[in-house]
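Novice: following is a predicted model, sequence given first.
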Amino acid sequence: MASLSHKDLLGIEQLSIEDINLILDTAEALREVAARPVKKVPTLRGKTVVNLFFEPSTRTRSSFELAEKRLSADILNFASTTSSVSKGETLLDTAHNLESMAPDIIVIRHQSAGAPHLLGRECRSSIVNAGDGMHEHPTQALLDALTVRTVKGRLDGLKIAIIGDISHSRVARSDTLLFHKMGAEVWVCGPPTLIPWDFDRLGARITGCMDEAIDGADVIMMLRLQHERQNEAFIPSTREYYNFYGLTRERMRRAKKDTIVMHPGPLNRGVEIDSDVADADYSVILNQVANGVATRMAVLYLLSGYAGLKVKKTSR
Amino acid sequence: MQLILRQGRIVDPSQKLNTVADLGIEDGRVVEIAPKIGTKGKKEIDARGLLVLPGFIDMHVHLREPGREDAETIESGTNAGARGGFTGVACMPNTQPVNDSEAVTSFILERAREVSKIAVYPVGAITKGSQGKTLAEIGEMHRTGIVAISDDGHPVQDSQVMRRAMEYSKLFNLPVIDHCEDRDLSAGGVMNEGYYSTALGLRGINPAAEEVQVVRDLILAHYTGAHVHIAHISTKRSLEAVVRARRQKTSITCEATPHHLLLTDAEVTSYNTNTKMNPPLRSREDVDALVKGIASGDIDVIASDHAPHNINDKMLEFDRAPFGVVGLETSVSLIFDRFVRPGIISIERMVQLFSTNPARILRLERGTLAKGACADITVLDPELEHQIDSKRFLSRSRNTPFEGWKLRGGPTMTIVRGKVVWNL
């Protein structure tokens, strides 16, 4: 069977183009499971997946959980909105405790960048990064790529504009790495206070001007702006931010006819995106959510292959 | 004579000496350096092939006692110092309680007298509790035995308070050592701000956080006439500012650490918490400028900023782990192997960086092997092959970023007041 060349999925950074294509192809094949009357395959039957969430998360967690259930895995949910440290147990102790119960895969979301890497080094189980601090969110980037590929038929040569709070966004990092790797032209756009140093070295062109970013763009990816940013002196106000970086119908008139609009959610309507735009035909925001389940199924399936499990071959 | 070191290479820039000779010690003092000392010593050491140097002083260490004896004690820290080739260490005041009073200073000195084989030179706090608000009782601490003042780790943010501290320090001729960091600029940061912080998704500490405070101190030093010593300088621009200020005869000295001279922020990519320290590892450009600085003499001192942490505290997520790495047992070997051996600096320069200059800055009667000087001596074997192995540290902590490094050249004997306190 096909499998990834890694034990863990820690980030897009470690993936080759072949890895990415394999995941996307597999996700595409698994997408039809959702259309079946019985939305379940026995692929991970008898395998255990732990969902270790140290940060509140509804959509990513539900998406992983659904993916695991559709693959018939046994699931253990371990959620802690407070940090492991404040509970008096370290992350490593928590992980080692869970590992004693012999899970096959641990899906982790954590506030600290590098937390999945710490587990990857210390644990036998495969680790899936479901978002670590401001670092990476690889499954989000993969589902974004699947969404774009499904609509546009390809990734290479496309202009992708990622707009908003780049500094605090793990999605911006993973998306930039992935789309750049796959041959797209990535632009990131936002106020200079929200663009981190040397971001161009990740493979993006940088602009502060939104019109320049969306000019000729095939994909416009809007990022959520946290309200706190105005209290931390990154922006004067959400009002001013909206005027310069909000995606409005007016701005969309300057975009190409076949541009699609994406957003990793949750939406901040009226701050970074107008309702008119979010709900328009060119918005594929809900496709992203649907593709999220298939993409996560693909990742779990391909990692279980690495772990040497006997998985029934799927015929395509 | 009490002790004679036979036929070592004696290198002592204070006397412009670099020669193979015998060195005789009596009553804890150097009494004779001669090609051949005729009399027999009570104890004799064959120093052929070895370097015999004025005792090295690490002027920036954290001994953690009182307060965090799980990480280090005065005993374990000074044992580590002796093993690392140091005859003396200056210990920073950020203990619990802070060394901001005569009582804490005398506790440290008394404890050192009981357990330490090497000299301990306490540094007193600048402000009470290192809170940055009001001056600590600097005069009383000076009377008790501090050699400098510093709010290391909790740098004074209020420029008026810093100005007063500088003015007041002149009364006692005490250097003011500053860990330069603008806490607003560094807030939340855990590594150098640049490509790597962006790629790793870690909050950055902009080099400006250090540079802004360095420049403030240089300007205050100019107006007050105080002696300011910039601790662990880590950026090119900080060093340029120091060099500029010196041209105007401001009394400024500075130190760099081995880790800032040998490692860049690229090391952080593994999220290894032993690459987390403050100031953080900087860019290649900064490292190159610092190396030039030790070669040219623009940097006066190499100090380790030995910062022991319990292993439990370092086995955390990168952004939650404490800042700091140990250095006492690796500093001398690293500098010898990486800078003296390839000829980037001379052995004379190394002695200035580790002995002559720290002694001068702290006004210690050390840093020389002139006749009558205290017989604090560091002996190095230039051919000693070894590998850094934290399991063998005498320090209670193991948080080194240099684990496994293979080195040639290192300390083999440490002599304090004419007594061999450690040998390999």
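Specialist: Okay, I see it.

Novice: tell me, how many residues neighbour A:Ile206?
Specialist: Look at A:Ile206: counted by other Cβ atoms under 10 Å in any protein chain shown, it has 16 neighbours. For glycine as for every other residue, the C-beta is placed from the backbone atoms N, C-alpha and C.

Novice: show me which helix runs longest in chain A.
Specialist: helix A:285-306 (DSSP state H).

Novice: from the contact counts, what lies against it?
Specialist: Secondary-structure packing of helix A:285-306 (3 or more Cβ pairs under 8 Å, 6 or more residues apart in numbering or on different chains; DSSP states H and E): helix A:17-30, helix A:59-70, strand A:105-110, strand A:126-132, helix A:138-152, strand A:260-262.

Novice: look up the closest residue to the residue in chain B positioned nearest to chain A, ignoring the ones flanking it.
Specialist: Going by Cβ to the nearest Cβ, chain A is nearest to B:Gly201 of chain B, at 2.9 Å. Excluding the flanking residues, the one nearest B:Gly201 by Cβ to Cβ, 6 or more residues apart in numbering or on different chains is A:His135, at 2.9 Å.

Novice: would you check that that neighbour makes contact with A:Gly114?
Specialist: Yes. Counting by Cβ atoms under 8 Å, A:His135 touches A:Gly114, with 6.7 Å between them.

Novice: so what sits against both of these two?
Specialist: B:Leu200, B:Leu202 (Cβ atoms under 8 Å, 6 or more residues apart in numbering or on different chains).

Novice: what about B:Pro280, distance to B:Pro155?
Specialist: 15 Å (Cβ to Cβ, to the nearest Å).

Novice: compare those two (neighbour count), which wins?
Specialist: B:Pro280 (28 against 22).

Novice: now do the contacts for that one.
Specialist: So B:Pro280 contacts B:Gly189, B:Val190, B:Met191, B:Asn192, B:Ile205, B:Ser234, B:Asp265 (Cβ under 8 Å, 6+ apart).

Novice: what's around residue 237, how many residues?
Specialist: Since no chain was named, I'll use chain A. Other residues close to A:Ser237 by other Cβ under 10 Å number 9.

Novice: correction: the question concerned chain B.
Specialist: Applying other Cβ under 10 Å, we find 17 residues neighbouring B:Arg237.

Novice: and it, what's its pLDDT?
Specialist: For B:Arg237, the pLDDT comes out at 98.

Novice: where's whichever residue of chain A sits closest to chain B relative to A:His110, distance?
Specialist: Distance from chain B to each residue of chain A (Cβ to the nearest Cβ) is smallest for A:His135, at 2.9 Å. Separation of A:His135 from A:His110 (Cβ to Cβ) stands at 10 Å.

Novice: please apply the same query to B:Leu353.
Specialist: B:Leu353 is 42 Å from A:His110, by Cβ to Cβ.

Novice: so who does A:Asp276 touch?
Specialist: A:Thr248, A:Arg249.

Novice: next, give phi and psi for it.
Specialist: phi -50, psi -40 (degrees, to the nearest 10).

Novice: one more: A:Pro192?
Specialist: phi -50, psi -30.

Novice: got the contact list for it?
Specialist: Counting by Cβ under 8 Å, 6+ apart, A:Pro192 touches A:Gly208.

Novice: so which helix or strand of chain B has the lowest pLDDT on average?
Specialist: helix B:311-314 (a mean of 92; mean pLDDT, DSSP states H and E).

Novice: send me it as CSV with only the CA atoms.
Specialist: This file holds the C-alpha atoms of helix B:311-314, laid out as CSV (Å, rounded to 0.1, in the frame of the first residue of the first chain):
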residue,chain,number,x,y,z
ILE,B,311,16.2,19.3,34.0
ASN,B,312,12.5,19.3,34.8
ASP,B,313,12.2,22.9,34.0
LYS,B,314,13.9,22.5,30.6
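
Novice: report the buried residues of it.
Specialist: B:Asp313, B:Lys314 (16 or more other Cβ atoms under 10 Å in any protein chain shown).

Novice: what lies in contact with it?
Specialist: A:Thr90, B:Ala71, B:Thr273, B:Asn274, B:Ala321, B:Pro322, B:Ser397, B:Arg398, B:Asn399.

Novice: counting by contacts, list what the helix or strand just after it packs against.
Specialist: On the C-terminal side of helix B:311-314, the closest following helix or strand by DSSP states H and E is helix B:331-335. Secondary-structure packing of helix B:331-335 (3+ Cβ pairs under 8 Å, 6+ apart): helix B:258-262, strand B:377-387, strand B:406-416.

Novice: pLDDT score for A:Tyr245?
Specialist: The per-residue pLDDT reported for A:Tyr245 equals 97.

Novice: for A:Lys310, same thing?
Specialist: For A:Lys310, pLDDT reads 36.

Novice: and what of A:His96?
Specialist: Per-residue confidence (pLDDT) for A:His96: 88.

Novice: Three-state assignment for the residue of chain A most remote from its centre, please.
Specialist: Residue farthest from the centre of chain A, counting by Cα atoms, centre = their mean, is A:Gly88 at 30.1 Å. Look at A:Gly88: counting by DSSP: H, G, I helix; E, B strand; the rest coil, its state is coil.

Novice: show me what contacts it?
Specialist: A:Gly88 neighbours (Cβ under 8 Å, 6+ apart): none.

Novice: how about the residues of the stretch 101-250 of chain A near chain B?
Specialist: The stretch 101-250 of chain A comes close to chain B at residues A:110, A:112-115, A:117-118, A:132-136, A:170, A:173, A:196-199, A:201-202, as judged by Cβ under 8 Å from any Cβ of the partner chain.

Novice: just the buried residues of the residues you listed.
Specialist: Buried members of those, counted by 16+ other Cβ under 10 Å: A:110, A:112-115, A:117-118, A:132-136, A:170, A:173, A:196-197, A:199, A:202.

Novice: for the closest residue to A:Gly216 other than its chain neighbours, name its beta-bridge partners.
Specialist: Counting by Cβ to Cβ, 6+ apart, A:Gly216 lies nearest to A:Lys159, which is 5.6 Å off, once chain neighbours are set aside. With DSSP bridges applied, A:Lys159 shows beta-bridge pairing to A:Glu185.
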